[in-house]
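Engineer: Please find the sequence and the predicted model below.
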Amino acid sequence: MVKISQLLSTYSFMGLIRYLRMRMLGKVVLITGNCHCCGNCCRKINLEGARGWLRSEKEYYAVLDKYPEYERFQITGKDDQGFLQFSCTWLTDQSLCRDHDNRLPLCTNFPDKSLYFCGGKLPPGCGYAIAEVRPFDKYLEDALKGGEK
Ligand code: SF4
Ligand code: SF4
């Protein structure tokens, strides 16, 4: 059985509440929309290490040993959840990526669903939206159960 402390290294407290509530309601995270290149997600970044979202400089330096490409990120403070927040030095004054073709996977995958479970939210002005939805197969299951009566 997974311990709460293990879950809290992956999810923030708020993220864990979201995760458990969604499990109970049979919901999933749906991401819609598109990017309009405002660059705001490169100014407020949470990074994940082997033991979950980074909370201390020490954890960040441990990640740097393994992933030197993360050196482009600078610590700017902490967010409401107590996770370190970074900005990227590759962001130009025009809010564009200095080397768009060689972005990191975390950049190309943004916004990843895990953002929602670390208690995070999309940056202001982002063209994407995150919603909790009930998947079609759940409605189908309900309809089939109804038909069996
Ligand atoms: S590498 Fe480019 S896309 Fe990734 S955070 Fe930095 S500026 Fe943004
Ligand atoms: S914040 Fe959203 S819209 Fe702006 S660059 Fe990032 S993904 Fe694109």
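Structural biologist: Sure, I can see it. Numbering: from 1, shown residues only. Ligands and ions are numbered 1, 2, ... in the order given.

Engineer: Tell me what residue 133 is bridged to.
Structural biologist: Beta-bridge partners for residue 133, by DSSP bridges, are residue 28.

Engineer: just checking, it touches residue 30?
Structural biologist: Yes - counting by CB atoms under 8 Å, residue 133 touches residue 30, with 4.6 Å between them. The way it works is simple: take the backbone N, C-alpha and C, and place the C-beta from them, glycine included.

Engineer: Okay, strands next: where are they in this structure?
Structural biologist: Assigned by DSSP state E, the strands in the chain fall at 28-33, 48-49, 52-53, 73-78, 84-88, 128-133.

Engineer: a markdown table for the ones you listed, including mean neighbour count and mean pLDDT?
Structural biologist: Formatted as a markdown table, those follow (neighbours: other CB atoms under 10 Å; pLDDT from 0 to 100):
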| stretch | mean neighbour count | mean pLDDT |
| --- | --- | --- |
| strand 28-33 | 14 | 95 |
| strand 48-49 | 17 | 85 |
| strand 52-53 | 21 | 84 |
| strand 73-78 | 14 | 96 |
| strand 84-88 | 20 | 96 |
| strand 128-133 | 13 | 95 |
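
Engineer: of all the ones you listed, which lies closest to ligand 2?
Structural biologist: Of all those, strand 128-133 sits nearest to ligand 2, with 5.5 Å by CB to the nearest ligand atom.

Engineer: Show me how far that closest one is from its chain's centre.
Structural biologist: Relative to the centre of its chain, strand 128-133 is centred 12 Å away, using CA atoms, centre = their mean, to the nearest Å.

Engineer: Next, the residues that contact it from outside, please.
Structural biologist: If you take CB atoms under 8 Å, 6 or more residues apart in numbering as the criterion, strand 128-133 is touched by 18, 22, 25, 27-35, 111, 113, 115-116, 121-122.

Engineer: Residue numbers of the protein in contact with ligand 1?
Structural biologist: Counting by CB under 6 Å from any ligand atom, the positions of the chain adjacent to ligand 1 are 42, 72, 88, 90-91, 97, 103-104, 107.

Engineer: By neighbour count, which of these wins?
Structural biologist: Compared across the residues of the chain next to ligand 1, residue 42 has the highest neighbour count, 23 neighbours, by other CB atoms under 10 Å.

Engineer: Quick check, residue 64 in contact with residue 73.
Structural biologist: No - contact criterion CB under 8 Å: residue 64 and residue 73 do not qualify, at 9.1 Å.
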